[in-house]
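Undergrad: Could you look at this predicted model? Sequence included:
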Amino acid sequence: MPNRPVEIGPAGLHTARAIEHLRLARGLTQHQLAARCTALGRPMANTALSRTERARRRCDVDDLVALAAALGVSPTTLLLPVPSVSGDDRRGC
């Protein structure tokens, strides 16, 4: 029986968006963020980071911890939805 890829759920989608949002907010390229993760002991290619941000690759717990450290936030921050900045919902700002 062939293996089916595991679908990325809501927390994975929030994480993907949060990683990209925080990376851009810090003015980092994917290559720079991947290099920071590698320097922290979690080797990561920028292609892996790109696939993670596009929710084409699962973010395992080791990636989550390294990415959070590289972005200067707690791992929990990456698991939560990115606050909305629309005119309808300004509570997250």
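TA: Received, thanks. Numbering: from 1, shown residues only.

Undergrad: Only C-alpha atoms from now on, for both contacts and neighbour counts.
TA: Noted.

Undergrad: State the number of residues packed around residue 61.
TA: 10 (other CA atoms under 10 Å).

Undergrad: That should have said residue 81, apologies.
TA: Around residue 81 there are 16 residues (other CA under 10 Å).

Undergrad: these two touch, right, it and residue 14?
TA: Yes - counting by CA atoms under 8 Å, residue 81 touches residue 14, with 5.0 Å between them.

Undergrad: can you list contacts of the longest helix along the chain?
TA: Longest among the helix segments of the chain by residue count, using DSSP state H, is helix 10-25. Contact partners of helix 10-25, identified using CA atoms under 8 Å, 6 or more residues apart in numbering, comprise 29-30, 33, 52-55, 58-59, 67, 71, 77-82.

Undergrad: tell me which residues of that helix are tucked away?
TA: Across helix 10-25, burial judged by 16 or more other CA atoms under 10 Å covers 12, 13, 14, 15, 16, 17, 18, 19, 20, 22, 23.

Undergrad: following whatever helix or strand residue 70 lives in, which helix or strand shows up next?
TA: Secondary structure from DSSP states H and E places residue 70 in helix 61-71. Downstream of helix 61-71, the next assigned helix or strand under DSSP H and E is helix 75-79.
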